[in-house]
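Student: Sequence and predicted model, in that order:
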Amino acid sequence: MSIEAIKQLAEQLKSNIGRVIVGKEEVVELMLIGLLTSGHVLLEDVPGTGKTLLAKSMAKSLALSFRRIQFTPDLLPSDLSGIHFYNQKISEFEFRAGPLFTHLLLADEINRATPRTQSSLLECMEERQISIDGETKYLERPFMVIATQNPVEHQGTFPLPEAQLDRFLFKIKMGYPTTEEGLQLLKRFKDHDPLAELEPVAGIDVIQKAQQAYSAVKVNDDILQYLLQIVENTRRREEVSVGVSPRGSQALLRASQVHAILRGRDFVTPDDIKAMAKPVLSHRLAIRGMHRTANQAESIIDDIIRLTAVPAEAGVTAR
């Protein structure tokens, strides 16, 4: 697909999702970047801010299979992956696929499941495959996990470990609507549910082609060095016990490439990297206890970007 075709596809999806979700243009764009990079997204905010509604709106805008799982403490790994059961009619064991065998998976309140169940997602999120009873089963692409969690209520929850967080391309906060958006929201849902009327605007073939296009976006060596410098600086901060991993640097590169596509460009600039740095890198930082405060990770990323030298314009735009 061409750059222009992908940009038009993104605009169609934004417009369709916007029939349900009021405002939140930046959040919707991050969701689409996650889709186009084959990445996973963690939505974190207080209840009632539209996390699940956003995931459902995106799913209904795509002609893809969609499954929703309510994570609870008694949820088992086999409840996600599926089981082999004995079929008495044919006297053989058969495999009954679990909800992981889908294109879009909504993991609602993911931090309410036990670490054992959370860890069952590691393999499928990274390698798009599941090992069951010694047999490897591959997931059809596209495969995207959209997880939600409440950052306020901690009773009966199990915080996601760093290894799990590192599998998510983005960690996104929804935020409260403005007064104007809140009024528009009340009017929109007063008489009917717009989600029920939503129709898909893109199918699996289009999405698969769009997911392959970002690799053709050019990235100058100076830009790669700039990106790597930002990542390495996260490992040198006194407040940070664990900095961004190589997986994180690759995630930042892919997100920046798609961000460039959505701006109609086939090359990455420092502005693309700056725009993607906080949603890609913040949740990958482990902050030391004495320095741990609200939004501390984002403040550190802002400070690193401010102190990291930007490549010269001539070198940036060179093809």
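Tutor: Okay, I see it. Numbers count the residues shown, from 1 in each chain.

Student: any idea how far the closest residue to Gln149 other than its chain neighbours lies from Gln155?
Tutor: Among residues not flanking Gln149 along the chain, Asn111 sits closest, at 4.4 Å (CB to CB, 6 or more residues apart in numbering). Yep, even glycine has a C-beta here, placed from its N, CA and C like the rest. Remark: distance between Asn111 and Gln155 (CB to CB, to the nearest Å) = 11 Å.

Student: Could you report the pLDDT at His291?
Tutor: At His291, the model reports a pLDDT of 52.

Student: what about the strands in this structure?
Tutor: 41-44, 62-63, 66-70, 82-87, 92-97, 104-108, 129-132, 135-138, 144-149, 170-173, 202-203, 240-242, 286-287 (DSSP state E).

Student: contacting residues around the first one?
Tutor: If you take CB atoms under 8 Å, 6 or more residues apart in numbering as the criterion, strand 41-44 is touched by 30-31, 34, 51, 54-55, 110, 144-151, 160, 165, 168-174, 283.

Student: which residues sit in contact with the spatially closest residue to Thr234 that is not a sequence neighbour?
Tutor: Nearest residue to Thr234 in three dimensions, chain neighbours excluded: Gly243, at 3.9 Å (CB to CB, 6+ apart). Residues in contact with Gly243 (CB under 8 Å, 6+ apart) are 231-232, 234-237, 284-285.

Student: Please tell me how far Gly243 sits from Leu281.
Tutor: In this view, Gly243 and Leu281 are 9 Å apart by CB to CB.

Student: Could you pull out the residues contacting both of those two?
Tutor: Common neighbours of Gly243 and Leu281 (CB under 8 Å, 6+ apart) are 231, 234.

Student: if we can go back for a sec, among the contacts of strand 41-44, the buried ones, what's the PyMOL command?
Tutor: Those of these that count as buried under 16 or more other CB atoms under 10 Å are selected in PyMOL with:
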select buried, resi 30+31+34+51+54+55+110+144+145+146+147+148+149+150+160+168+169+170+171+172+173+174+283
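
Student: ok, what's across the strand from the residue nearest to the spatial centre of the chain?
Tutor: For the chain, the residue nearest the mean C-alpha position is Val41 (1.9 Å; CA atoms, centre = their mean). Going by DSSP bridges, Val41 is paired in beta bridges with Ile146, Phe170.

Student: How about Gly248: what's its closest non-neighbour residue?
Tutor: For Gly248, the spatially nearest residue (CB to CB, 6+ apart) is Arg284, at 4.7 Å.
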